[in-house]
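**Q** got a predicted structure here, sequence first:
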Amino acid sequence: MTPPYNFDLDRGILRWRNPALLGGIALLIAAIIGAVFSPGDFFRGYLLGYLFWVGLTLGSMAFLMLQYLTGGAWGLVIRRTLEAATRTLPLLALLFIPLAFGLTYLYDWARPDVVAHSKTLLHRRVYMNVPFFLIRAAIYFAVWITFSFFLNRWSIEQDRRPAGQRRLLSRLSAPGLIVYVFTITFASVDWAESLQTEWYSTMWGFLFVAGEGLTALAFVIITMALLSRREPMARVLKPDHFHDLGKLLLMMVMIWAYFSFSQLLIVWSGNLTDEIPWYLPRFKTSWGWVGAALIVVQFLIPFLLLLNRTLKRHAFALSGVVAVILVMRYFDLAWIVLPGYYRHGFRIHWLDVVTPLGLGGIWLAAFLTQLPRRPLLPVNAPELEEALVHEST
């Protein structure tokens, strides 16, 4: 029987919304109490969690635009999930505000006493200063929210009036992906690269683009695996769809590894004093074990497992792989953020765990609020029939 097109989310999935919200609020209250005694650790944990969840959201927007440009059954079945994730951007814009109060705990360029004694920071202060930093952040979010708004608006209009909307979405997505790469590059430099005064990397933006795409795709696969056990998606999602998503995941794992290795190779071959110090605490101390774990657990093991066709076609076996990847994405960001503060070896403060989890609870509650507001499939998308009978090779 052909599945009906006008799908609504089974309300059973929403049983996780209130626990996620309450858990997130409780954890953030605990983190705020911890901030009274250790504000530096609180803001570092907040930045770490914020980079994870904003990366998941923006990676979802990038995949949404990529699907409009390329088409394909893989994108039709996850489009509404990606759209729901992008609609959390206004929440993330609000959650950025606490970071504005912790800039002096995070960045040397935000501390006048440090800037006064650093030639590098004095040279950069025209660009790296608190007012301009906040203005740039506002511009990034204005751009991202604008693209998200039109992607979501024209998508739902396609359900009512399919003619012409597909072309509009494609025309928006082409420049949108270019703007995404540029804004992510600037934002990642502002929020993460500038944590260490002397550091710069020509691969930095691409590394964050790959990481965000990997995080978003891993989250989407887990979400689709959960939906595949409930009507109506149980009648829609097939092993072929998960096979396609598994192949995309394999691609993202390799892209992330390629960019990470390329950055290291450029720094290693250049042997410049402005670049090497970033790697020293990550190689010469116990942080090196985290880097080794990233190579093995975020790249090598998923790479080998995802070569298996049977695993990629099994929703929950594939979900096991992506669950590990999501955990390692946290450690990847921790490896980027924390060694600049804990230079003598590996250290994870309890606020580095509780604060990201608290932000995650708030984000998941917002995502689960958005997900059922639209049919789970774009009912008038031109490729829908093909997607429903999709068979992969």
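**A** Right, received. Where do you want to start? Residues are numbered from 1 along each chain as shown.

**Q** now do the helices in the stretch 51-200 of the chain.
**A** Remark: helices assigned in the stretch 51-200 of the chain by DSSP state H, counting those that start in this stretch are 73-76, 79-86, 89-95, 97-100, 103-106, 112-115, 119-124, 130-160, 165-191.

**Q** which neighbouring elements make contact with the fifth one?
**A** It stands for helix 103-106. The contact analysis (3 or more Cβ pairs under 8 Å, 6 or more residues apart in numbering; DSSP states H and E) places helix 103-106 against helix 39-70. Where you see a C-beta, it was placed from the backbone N, CA and C, and this is true even at glycine.

**Q** what comes up buried for the helix it packs on?
**A** Within helix 39-70, the residues scored as buried using 16 or more other Cβ atoms under 10 Å are 41-68.

**Q** what lies in contact with stretch 93-107?
**A** Outside stretch 93-107, the residues that touch it by Cβ atoms under 8 Å, 6 or more residues apart in numbering are 39-40, 42-44, 46-47, 50, 110-111, 128, 130, 133-134, 137, 141, 145, 194-195, 359, 362.

**Q** re earlier: could the helices of the stretch 51-200 of the chain go into TSV alongside distance to residue 368 and mean neighbour count?
**A** Shown next, in TSV, are the helices of the stretch 51-200 of the chain (distance: least, Cβ to Cβ, whole Å; neighbours: other Cβ atoms under 10 Å):
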stretch	distance to residue 368	mean neighbour count
helix 73-76	21	22
helix 79-86	8	25
helix 89-95	12	18
helix 97-100	23	14
helix 103-106	30	18
helix 112-115	42	13
helix 119-124	42	13
helix 130-160	17	17
helix 165-191	25	18
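
**Q** nearest to residue 302, out of these?
**A** helix 73-76 (18.2 Å; Cβ to Cβ).

**Q** how far does that closest one sit from its chain's centre?
**A** Put simply, helix 73-76 sits 20 Å off its chain's centre (Cα atoms, centre = their mean, to the nearest Å).

**Q** average pLDDT for that helix, rounded please.
**A** Helix 73-76 shows a mean pLDDT of 77.

**Q** same question, stretch 193-210
**A** Mean predicted confidence for stretch 193-210 is 90.

**Q** can I get that stretch in PDB, CA atoms only?
**A** Included here for stretch 193-210 are C-alpha records, laid out as PDB according to Å, rounded to 0.1, in the frame of the first residue of the first chain:
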ATOM      1  CA  GLU A 193      40.700  30.300  16.900                       C
ATOM      2  CA  SER A 194      41.200  33.500  18.800                       C
ATOM      3  CA  LEU A 195      41.300  31.600  22.100                       C
ATOM      4  CA  GLN A 196      45.000  31.300  21.500                       C
ATOM      5  CA  THR A 197      46.700  34.600  20.700                       C
ATOM      6  CA  GLU A 198      49.400  33.600  18.300                       C
ATOM      7  CA  TRP A 199      47.500  30.900  16.500                       C
ATOM      8  CA  TYR A 200      46.200  31.000  12.900                       C
ATOM      9  CA  SER A 201      45.300  28.300  10.400                       C
ATOM     10  CA  THR A 202      44.300  28.500   6.700                       C
ATOM     11  CA  MET A 203      42.300  25.300   7.200                       C
ATOM     12  CA  TRP A 204      40.400  26.400  10.300                       C
ATOM     13  CA  GLY A 205      37.100  27.300   8.600                       C
ATOM     14  CA  PHE A 206      37.000  24.100   6.500                       C
ATOM     15  CA  LEU A 207      37.700  22.000   9.700                       C
ATOM     16  CA  PHE A 208      34.600  23.500  11.400                       C
ATOM     17  CA  VAL A 209      32.500  23.100   8.200                       C
ATOM     18  CA  ALA A 210      33.400  19.400   8.100                       C
END
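
**Q** buried stuff in it?
**A** Buried positions in stretch 193-210, judged by neighbour count with 16+ other Cβ under 10 Å: 193-197, 199, 201, 203-210.

**Q** who wins for proximity to residue 242 among the helices of the stretch 51-200 of the chain?
**A** Across the helices of the stretch 51-200 of the chain, closest to residue 242 is helix 73-76 (Cβ to Cβ), at 9.5 Å.

**Q** would TSV of the helices of the stretch 51-200 of the chain with distance to residue 258 be doable?
**A** Rendered in TSV, the data for the helices of the stretch 51-200 of the chain read as follows (distance: least, Cβ to Cβ, whole Å):
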stretch	distance to residue 258
helix 73-76	21
helix 79-86	24
helix 89-95	28
helix 97-100	30
helix 103-106	29
helix 112-115	35
helix 119-124	30
helix 130-160	25
helix 165-191	16
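
**Q** quick one: closest of these to residue 303.
**A** With Cβ to Cβ, the closest approach to residue 303 among the helices of the stretch 51-200 of the chain belongs to helix 73-76: 19.6 Å.

**Q** helices and strands around that closest one, which ones?
**A** Helices and strands touching helix 73-76, as assessed by 3+ Cβ pairs under 8 Å, 6+ apart, comprise helix 39-70, helix 239-270, helix 384-388.

**Q** which outside residues touch stretch 58-70?
**A** For stretch 58-70, contacts defined as Cβ under 8 Å, 6+ apart pick out 74-76, 78-79, 81-83, 85-86, 89, 144, 147-148, 151, 166, 169-170, 172-174, 176-177, 180, 184, 209, 211-217, 219-220.

**Q** what distance separates stretch 151-158 from the centre of its chain?
**A** Remark: stretch 151-158 is offset 23 Å from the chain centroid, using Cα atoms, centre = their mean.

**Q** got it, and stretch 359-379?
**A** 16 Å.

**Q** and it, how far apart are its ends?
**A** Criterion Cα to Cα, to the nearest Å; first-to-last residue distance in stretch 359-379 is 33 Å.

**Q** tell me which residues in that stretch are buried?
**A** Buried residues in stretch 359-379 (16+ other Cβ under 10 Å): 359-372, 374-379.
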